[in-house]
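1. any chance you could fold what I've pasted below:
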Amino acid sequence: MGPVPFLLVDDLEENLVSLEALLKRDDHLLLKARSGDQALELLLKHDVALALVDVQMPGLNGFELAELMRGNERTRRIPIIFVTAGTADGRRFRGYEAGAVDFIQKPIEPDVLRSKVEVFFELYRQRQRLAAQRDELAAQAEALKEAATHKDILLREINHRIKNLFSLTAGLISLSARPATSVAELELDLKSRMGALARAHELTLPDFNGAGDSGSSATTLSALLKAIVAPHEHSDGPHVTINGSDAPLKGTALTSLALLLHELTTNAAKYGALSNPAGHLAIEVSAADEQLSLSWDERGVPTLGGAPEREGFGTKLEQAALRGLGGSIRRDWRSSGLRLELNIPLEKLVM
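-> Residues are numbered from 1 along each chain as shown. Next up, the predicted model:
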């Protein structure tokens, strides 16, 4: 903490010098004013622990200064001790009426002055500590609020993922069962699809341990696409083709793009081209003018009447991933199937 400010007000320089000599300490900031007007100027800049004010001053005297201080919201709570040579009861009454907390008689006794100033020094320090504790508690409360928000989002994402995994698993069982001629063949095909689904799902997870051995490791867009659509491919359909350019991926961009593509693939497996052996998904990637463009074309399965009427949590995940990538997406709900265009700045893919 910095030094505690005190205001010394007296029209005589020698009196100010004497007060300064008595109170000078490394943890005291002594502000000196030769008039009531100068004192008011200093009070606009500093929040002082105590004002030591001489009563008899030309122009604005000590009582008038105190009344002005009490009339201002910024200065009304500043303690005032009057320094006076007079002892009249009427003067004391007016001083207390003006807002004084105490009087000090001239000539000043050094020990008396220091003991009174020390009381207000400690009060000021206590206010500083309380303010610091209040700010710390406010920061902790905000952090707890943010953590609770993140927890809610995480729980919703977990719920969303679990529901999608159950739906995808049911779809994969159905796809594997159609061409299977025996239980053993079904088991082998299903294990292969579930393993591919697990690997694709892992790519959507961030690196929780910072070791670089999970979703934040480097790969390429082509490898990512193949890993994510692999669980849904089969020689008897549905069919997936991936053509065009490739691009490196790493860091948070890999997780964000994997999450986005996983969401698109999940929707295609639940409602679109990957939900039926007759379906076909064509993915075309191009890179030009520092921009990655991905064309996603679903065919063979009619759309369910166009865009959904309401946004689910999956849409919120998609929007969050797009924000992280600085990308955009445009959908065309055709009668033959969904077509969309995804655009992402190339520089965002390696951040």
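
2. list the contacts for Leu40?
-> By Cβ atoms under 8 Å, 6 or more residues apart in numbering, the contact set of Leu40 is Leu65, Leu68, Met69. Yep, even glycine has a C-beta here, placed from its N, CA and C like the rest.

3. quick check: which element contains Arg331?
-> For Arg331, the host element (DSSP states H and E) is strand 328-334.

4. note down every partner strand of that strand and its orientation.
-> strand 337-345 (antiparallel) (DSSP bridges).

5. quick one: buried residues of the partner strand?
-> Gly337, Leu338, Arg339, Leu342, Ile344 (16 or more other Cβ atoms under 10 Å).

6. surely the second one is in contact with Arg330?
-> No - the pair Leu338 and Arg330 fails to qualify as a contact (Cβ atoms under 8 Å) at a distance of 11.3 Å.

7. sorry, back to before: relative to Gln56, which of the buried residues of strand 337-345 is nearest.
-> Distance to Gln56, by Cβ to Cβ, is smallest for Ile344 among the buried residues of strand 337-345, at 77.3 Å.

8. tell me the strands in this structure, going along the chain?
-> Here the chain has its strands, by DSSP state E, at 4-9, 28-33, 50-54, 80-84, 102-105, 219-220, 239-244, 248-249, 280-288, 291-299, 328-334, 337-345.

9. quick check: which of these is nearest to Thr149?
-> strand 328-334 (25.2 Å).

10. quick one: average pLDDT of the closest one?
-> Mean pLDDT, strand 328-334: 91.

11. before we move on, the earlier item: can the buried residues of strand 337-345 go into JSON lines with extra columns for distance to Ala273 and pLDDT?
-> Shown next, in JSON lines, are the buried residues of strand 337-345 (distance: Cβ to Cβ, whole Å; pLDDT from 0 to 100):
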{"residue": "Gly337", "distance to Ala273": "6", "pLDDT": "88"}
{"residue": "Leu338", "distance to Ala273": "8", "pLDDT": "90"}
{"residue": "Arg339", "distance to Ala273": "11", "pLDDT": "93"}
{"residue": "Leu342", "distance to Ala273": "16", "pLDDT": "95"}
{"residue": "Ile344", "distance to Ala273": "22", "pLDDT": "94"}
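
12. how about JSON lines for those, with distance to Leu225 added?
-> Below are those laid out as JSON lines (distance: Cβ to Cβ, whole Å):
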{"residue": "Gly337", "distance to Leu225": "18"}
{"residue": "Leu338", "distance to Leu225": "17"}
{"residue": "Arg339", "distance to Leu225": "17"}
{"residue": "Leu342", "distance to Leu225": "11"}
{"residue": "Ile344", "distance to Leu225": "13"}
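
13. from these, pick the one nearest Lys163.
-> Using Cβ to Cβ, those come closest to Lys163 at Leu338, 20.6 Å.

14. enumerate the beta-bridge partners assigned to that closest one.
-> Listed by DSSP bridges, the beta-bridge partners for Leu338 are Trp333.

15. what residues does it make contact with?
-> Counting by Cβ under 8 Å, 6+ apart, the residues that Leu338 touches are Ala268, Gly272, Ala273, Trp296, Glu298, Thr303, Arg331, Asp332.

16. residues in contact with the third one?
-> Yep, that's Ala273 we're talking about. Pro238, Gly279, His280, Leu281, Glu298, Arg299, Gly300, Val301, Gly337, Leu338.

17. in the protein, what helix or strand scores lowest on average pLDDT?
-> The weakest-scoring helix or strand in the chain, judged by mean pLDDT, DSSP states H and E, is helix 89-98 (a mean of 71).

18. circling back: of the strands of the chain, which is nearest Glu263?
-> Closest approach to Glu263 among the strands of the chain is made by strand 328-334 (10.7 Å; Cβ to Cβ).

19. could you pull out the buried residues of the closest one?
-> Quick answer for strand 328-334 (16+ other Cβ under 10 Å): Ile329.

20. just the angle between it and strand 291-299, please?
-> 20 degrees (axes from the mean of the first three to the mean of the last three Cα atoms, to 10 degrees).
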